[in-house]
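Peer 1: got a sequence here, can you build the structure:
(chains A and B)
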Amino acid sequence: MAETVIPLATIQPPQSYGRRVVKRFLKHRPAVAGLAFLLLLAIIIMVGPFLSPYTFDGQDFALIGSPGPMNAQHWLGTDELGRDVTTRLIYGGRVSLAVGLAGAIIATIAGTLVGALSGFYRGWIDALLMRFTDVMLSIPTLPLVLLLSGLFRPSPPLLVAIVGMLIWMGTARLVRSQFLVLREREFVEAARALGAGGARLMFRHILPNAIGPITVAATLAVGSAIMLESALSFLGFGIQPPVPTWGNLLNSASSWLSVAPWLAIPPGLLILCTVLAVNFLGDGLRDAMEPKE
Amino acid sequence: MAEPLLQVNDLKVHFPVGKTLFKPGVTVKAVDGVSFSVARGEVLGLVGESGSGKTTLGRSVLRLIEPTDGSVRFNGEEVVGMPPAQLKALRGQMQIIFQDPYASLNPRMSVGQTIGEALLLHHIGTRKDRAERVGDILEKVGLPRAASARFPHEFSGGQRQRIGIARALAVNPQFIVADEPVSALDVSIQAQIINLLQDLRQELGLSILFIGHDLSVIEFLCDRVVVMYLGKIMETATAADLYANPRHPYTRALLDAAPVPDPRARRQRITLKGDLPSPINPPSGCVFRTRCPFAIEACAAVVPSLDPVGEQHAVACIRAGELNLTE
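Peer 2: The predicted model follows:
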């Protein structure tokens, strides 16, 4: 038995990791602004469709033929089929964000799994997975998509999968580098000395310590996924009309650019602001979660 | 003589370096043909400069680093090449305490989770009484039971080292590798941890392989000492014998490098110049000859064997017979 027991009072009072992260995050102005924007956007796209007197595919036959200007009934005008642009934009936000979020989740899970296996086992598993990652990275996205769009039109779940499969590589490389570093840390070795197996070492000891960078990568992946979905929809390979997304709203507005420029600006601006806000949020999270002390 | 708890024979740990598809690379011989034993209840000190291979040796005994060649017998069982399932069971009997108490605890796990994991992995206790057991272990290393709910960053270095010791002891091991467990701590804290190890050793009858470079700590804690240089054993003796009567020039140099609080202490010191030679391309013959003040031509020709020069005292130096290092 040890001669003295250290009184608990001499152990530093706990200040939770979470609280310190929040404190540092709040100091990051652009990130807070980004978060505020995204929250506002989320509220609007969630409640907006219930408050709007129009539906996303409801047509006003009096206004059909060419885009209508902004007025008190139609805040952002109407499109060439007499549909209310504001409503379509809000509803399109739902689709765009949902696809972006789901695509990012798929990309993060796939990237984390590939990176974890690569960095933890190294050797031929690493070589194989990383060469596969390189191959995926060197596939030019747009020509591939144009080719695919000539063959078929994906359903929304398949579109989400395609988006995820096209953007997981950055996360995989990041997670691999984290695993390469963390697997050499002594606490991992200590767990190994206690007889912990591969899965426990990877998911109980290493992964929780890489969660900061992974969160950041996941946030940034949401930005990429929204951009990619918009690009795909703009090219006609994404969600098919009449269901609106910001990408295909932009697409249909492009043919009226000279007569009705007000149609193109709102979806373009929303894509820009959302991706910017997501990236600011990611930067803020990165700064806030940077290893302390 | 009873069989030793741990018997290491001609252990080699070689690392390939710079090997690619296009060039063969070279080999670093971190540990090169080391043999020693640890008796039950014995504390064996392992000293040497940074880069002498002592940490690698400690880890390869536990197979945290795979040995390239040689044999490690624990309780009469061969550890090298042991299948994973058996090795896992063995890990409950041999544990390790790390040097850096800041790096050796998972920052995302509470103290209770860290120690509880050790119990869980070795099926000690039931789900319910594990918390109780964790508390008992914490008290054993001088920490309050309530520390269980706290996270590593709330503790000081010395407190964390106690947690590291608690984790190692949780599975009731017979043998512990202590890899410089006090080098990263303040001097005042060092004494506390050393005393704790001493107490635990007596209370639990532990055998310890104590790796370190502070010779006064080694002298206080260890029964026997092994001196390593560049992956090889230079000298081994009982602690008292080694300090009073070093036979290898390297041991003498290590002893001389330690500060002694006595102004009339020996004046003729051996001071080592330069760094360890590269283990990629070690000197021929005796690896120490490039820095040895007594080196002669013959030293480059023959690799000295570890020959007995007394009771439990062996030295690897061809001039051991003629040199008098005690004045």
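Peer 1: list the contacts for the residue nearest the centre of chain A?
Peer 2: Most central in chain A under CA atoms, centre = their mean is A:V222, positioned 0.9 Å from the mean C-alpha point. Residues near A:V222 by CB atoms under 8 Å, 6 or more residues apart in numbering or on different chains: A:G100, A:L101, A:A104, A:V278. C-beta: built from backbone N, CA, C; applies to glycine.
Peer 1: excluding its backbone neighbours, what's nearest it?
Peer 2: Distances taken as CB to CB, 6 or more residues apart in numbering or on different chains place A:A104 nearest to A:V222, at 4.2 Å, with adjacent residues excluded.
Peer 1: so who does that neighbour touch?
Peer 2: Neighbouring residues of A:A104 by CB under 8 Å, 6+ apart: A:G164, A:I167, A:A218, A:A221, A:V222, A:S224, A:A225.
Peer 1: pLDDT weak spots in chain B?
Peer 2: B:1-2, B:263-268, B:327 (pLDDT under 70).
Peer 1: count of neighbours near A:Q73?
Peer 2: 13 (other CB atoms under 10 Å in any protein chain shown).
Peer 1: and it, helix, strand or coil?
Peer 2: coil (DSSP: H, G, I helix; E, B strand; the rest coil).
Peer 1: what is the neighbour count of the residue nearest to A:A217 when sequence neighbours are not counted?
Peer 2: Leaving aside its chain neighbours, A:A217 sits nearest to A:T171 (4.6 Å; criterion: CB to CB, 6+ apart). Neighbourhood size, A:T171 [other CB under 10 Å]: 26.
Peer 1: and the helix or strand hosting A:T171, what does it pack onto?
Peer 2: Assigned by DSSP states H and E, A:T171 belongs to helix A:169-182. When contacts are defined as 3 or more CB pairs under 8 Å, 6 or more residues apart in numbering or on different chains; DSSP states H and E, helix A:169-182 packs onto helix A:85-121, helix A:123-138, helix A:211-234.
Peer 1: quick check: residues of the stretch 151-293 of chain A near chain B?
Peer 2: With CB under 8 Å from any CB of the partner chain as the criterion, the stretch 151-293 of chain A comes near chain B at residues A:185-187, A:189-196, A:204-205, A:208-209, A:211, A:292-293.
Peer 1: go again using 7 Å as the cut-off
Peer 2: A:185-187, A:189-190, A:192-196, A:205, A:208-209 (CB under 7 Å from any CB of the partner chain).
Peer 1: just the buried members of those residues?
Peer 2: A:R185, A:E186, A:F187, A:E189, A:A190, A:R192, A:A193, A:L194, A:G195, A:A196, A:H205, A:N209 (16 or more other CB atoms under 10 Å in any protein chain shown).
Peer 1: pretty sure the first one is touching B:A103, no?
Peer 2: Meaning A:R185. Yes. Proximity of A:R185 to B:A103 meets the contact threshold set by CB atoms under 7 Å, at 5.8 Å.
Peer 1: at the geometric centre of chain B, which residue do we find?
Peer 2: Nearest to chain B centroid, counting by CA atoms, centre = their mean: B:I211, 2.7 Å.
Peer 1: state the distance from that one to B:Q190.
Peer 2: As judged by CB to CB, to the nearest Å, B:I211 and B:Q190 stand 15 Å apart.
Peer 1: do A:I43 as well
Peer 2: 58 Å.
Peer 1: now render the helices and strands packed on helix A:169-182 as JSON lines, adding mean pLDDT and distance to B:F220.
Peer 2: Formatted as JSON lines, the helices and strands packed on helix A:169-182 follow (pLDDT from 0 to 100; distance: least, CB to CB, whole Å):
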{"stretch": "helix A:85-121", "mean pLDDT": "92", "distance to B:F220": "40"}
{"stretch": "helix A:123-138", "mean pLDDT": "93", "distance to B:F220": "44"}
{"stretch": "helix A:211-234", "mean pLDDT": "88", "distance to B:F220": "43"}
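Peer 1: just to revisit the earlier point, just say helix, strand or coil for the residue nearest to the centre of chain B.
Peer 2: B:I211 ends up strand, using three-state DSSP.
Peer 1: what's the local residue count around A:L35?
Peer 2: Neighbour tally, A:L35, other CB under 10 Å: 19.
Peer 1: show the contacting residues for it.
Peer 2: Neighbour list for A:L35: A:L281 [criterion: CB atoms under 7 Å, 6 or more residues apart in numbering or on different chains].
Peer 1: and what of A:A264?
Peer 2: A:L250, A:A253, A:S254, A:L257.
Peer 1: do you know how far it is from chain B?
Peer 2: Using CB to the nearest CB, to the nearest Å, A:A264 is found at 47 Å from chain B.
Peer 1: pick out the residue of chain B closest to chain A.
Peer 2: B:G142 (3.4 Å; CB to the nearest CB).
Peer 1: can I assume that residue is in contact with B:R162?
Peer 2: Yes. The pair B:G142 and B:R162 passes the contact test of CB under 7 Å, sitting 5.9 Å apart.
Peer 1: compare the two (neighbour count), which wins?
Peer 2: B:R162 (26 against 22).
Peer 1: list the helices and strands the host helix or strand of that one packs on?
Peer 2: Here B:R162, judged by DSSP H and E, is contained in helix B:157-169. Judged by 3 or more CB pairs under 7 Å, 6 or more residues apart in numbering or on different chains; DSSP states H and E, the packing partners of helix B:157-169 are strand B:94-97, helix B:111-121, helix B:130-140, helix B:187-204.
Peer 1: next SSE downstream of that helix?
Peer 2: Past helix B:157-169, the next helix or strand by DSSP H and E is strand B:175-179.
Peer 1: strands paired with that next one, and their directions?
Peer 2: In the sheet, strand B:175-179 lines up against strand B:94-97 (parallel), strand B:207-212 (parallel) (DSSP bridges).
Peer 1: dump that strand to PDB, restricted to CA.
Peer 2: Once non-C-alpha atoms are left out, strand B:175-179 reads as follows in PDB (Å, rounded to 0.1, in the frame of the first residue of the first chain):
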ATOM      1  CA  PHE B 175       6.800  -9.300 -14.700                       C
ATOM      2  CA  ILE B 176       6.900  -5.600 -15.600                       C
ATOM      3  CA  VAL B 177       9.100  -3.800 -18.100                       C
ATOM      4  CA  ALA B 178       9.500  -0.300 -16.700                       C
ATOM      5  CA  ASP B 179      10.700   1.800 -19.700                       C
END
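Peer 1: tally up the residues packed near A:P143, please.
Peer 2: 9.
Peer 1: what residues of the helix or strand encompassing it count as buried?
Peer 2: Element membership for A:P143 (DSSP H and E) is helix A:141-151. Going by neighbour count (16+ other CB under 10 Å), the buried part of helix A:141-151 is A:V145.
Peer 1: same question for stretch B:119-127.
Peer 2: B:L119, B:L120, B:L121, B:H122, B:I124, B:G125.
Peer 1: then stretch A:207-220?
Peer 2: Result for stretch A:207-220 [16+ other CB under 10 Å]: buried residues A:L207, A:N209, A:A210, A:G212, A:P213, A:I214, A:T215, A:V216, A:A217, A:A218, A:T219, A:L220.
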